[in-house]
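>>> Whatever this is, show me its structure:
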Amino acid sequence: MTTIEGIIVNNEGQTRKRVEIDDSGIITKVAEPTGEADVVFKDELIFPGFIDLHVHAREDQSGTQTYKEDFKTAGEASINGGVVVFAEMPNNPIPPVDDASYNAKKELTKKSDIEIILYAGIGSSTNPLNQNVPYKVFMGQSIGDLFFSTRESLETALAKYQGKNISFHCEDPKTLNECCDADTHEHKRPPRAEILAVDYALELIEKFNLKGRICHCSTMEGVMKVIEAKKRGLNVTVEVTPHHLYFDESMFTDSNHTLFQVNPPIRQTRENRLYLIQALKNGDIDCLGTDHAPHTIEEKEKGMSGLTHLDTYGSFVTWLAHEHQFAPAEIARACSENPAKFINKFTDKKYGEIKEGFVGSLTVIDMNKSIKIESENLKTKCKWSPFLGVEFPGSVVATIIKGIPYQSKA
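Next comes the predicted model:
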């Protein structure tokens, strides 16, 4: 058994408690502190372990992209950033689109020190799996070959997935095609591509009774459409990424523009960015998901889309707390409790709360122990982050995985 004492955070606030975790990694007791424990934290905040619903770990049966990342290094980067479980995307060279390919990829996740839930991919000729899994659909062209070029082909495919849990990458293929010759990446994938696709995704969620999730929403108009859909009872949630909260086009220079390329792009205005921050703070946006998508620096310099964030997840949320007055309970909701509502549907464990019967995987944050992000602090295999050189006001001091403490430096 492992015992931990400190200030625990939940949706009601924070209080000093003693947490007991048995040898199987499950919390057996939350009680008043005694002053004696295996690990005692003084002023640090102990959160239900952070959960990332949007990760590209780059490993599949082909092994052709593991030079960027694999499940072991993605797990190490997660622990470094305070993430205790993540959901991994299917746009691999060998995508998990049926039970055989899904199970083969699932076997590879066992090398990670944390639990990994896999999305299955949806393509023009795929069918639902014979097991309970989440699905991902790419409405427009992105990294990999698992995407749709027309609305008609997407609707035909989704008709087979009625009632399923489906996450959407929302970029309208017609708009992307119309803008393919624009002068910059941002103009090739303009805001209206996302806004039109969110509109259509909401139609499909309603038509096929889907449990929908809008990934990495980057426009205030897209978020507003989801808010209205929720009000009329649609079963849909929405996520936002660290890069769409922290950066806007005013921060681009000739030297960093290519490195910051991502789908959907970083948007133009500070107003849009501040809206997304406020929507996450007040709960209109459900969760923070990184879209961790590692590439080598050489690939980035050639125009590959994708950014890395697992290592910096926990330190980034301290920026939300200091710069935008996120209360600890608001961080717990966006980073632990809401994503746990999703992840708990696909595992026999329970995440997202510090209470009896839940997994004893916790994220410990010192809100005032600043850290400067440097490549030597990173566990991701590509050793690069869009936050290199950024000093965050706080940091992850420990990530506890099923009762086992790991120390963090990022």
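
>>> all contacts plus neighbour counts: C-alpha atoms, from now on.
Fine.

>>> Other residues contacting stretch 326-335?
Here stretch 326-335 makes contact (CA atoms under 8 Å, 6 or more residues apart in numbering) with 9-14, 47-48, 50-52, 280-283, 286-288, 317, 320-321.

>>> Buried members of those into ChimeraX, please.
Written as a ChimeraX command, the selection of buried residues from the contacts of stretch 326-335, which uses 16 or more other CA atoms under 10 Å, is:
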select :9,10,14,47,48,50,51,52,280,281,286,287,288,317,320,321
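
>>> Mind giving me the packing neighbours of the longest helix belonging to the chain?
Secondary structure of the chain read by DSSP state H shows that its longest helix is helix 191-207. Helices and strands touching helix 191-207, by 3 or more CA pairs under 8 Å, 6 or more residues apart in numbering; DSSP states H and E, are helix 173-178, strand 211-214, helix 220-231.

>>> quick one: it to chain centroid distance?
20 Å (CA atoms, centre = their mean, to the nearest Å).

>>> pLDDT averaged over it, what's the number?
The predicted model gives helix 191-207 an average pLDDT of 97.

>>> ok, and for the helix or strand hosting Leu108, which residues are buried?
Take DSSP states H and E as the rule and Leu108 turns out to sit in helix 99-108. Across helix 99-108, burial judged by 16+ other CA under 10 Å covers 102, 105-106.

>>> got the CA coordinates for that helix in PDB?
Provided in PDB are the C-alpha atoms of helix 99-108 (Å, rounded to 0.1, in the frame of the first residue of the first chain):
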ATOM      1  CA  ASP A  99     -10.700  -6.100 -34.900                       C
ATOM      2  CA  ALA A 100      -7.500  -7.700 -36.100                       C
ATOM      3  CA  SER A 101      -5.600  -4.500 -36.800                       C
ATOM      4  CA  TYR A 102      -7.000  -2.800 -33.600                       C
ATOM      5  CA  ASN A 103      -5.900  -5.700 -31.400                       C
ATOM      6  CA  ALA A 104      -2.500  -5.900 -33.000                       C
ATOM      7  CA  LYS A 105      -1.900  -2.200 -32.300                       C
ATOM      8  CA  LYS A 106      -3.300  -2.600 -28.800                       C
ATOM      9  CA  GLU A 107      -0.700  -5.200 -28.000                       C
ATOM     10  CA  LEU A 108       2.000  -2.600 -28.800                       C
END
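
>>> residues touching Thr296, list them.
Contacts for Thr296 (CA under 8 Å, 6+ apart) come out as 68, 382, 384.

>>> how about 6 Å then?
The contact partners of Thr296, by CA atoms under 6 Å, 6 or more residues apart in numbering, come to Cys382.

>>> Give me the distance between it and Asn92.
17 Å (CA to CA, to the nearest Å).
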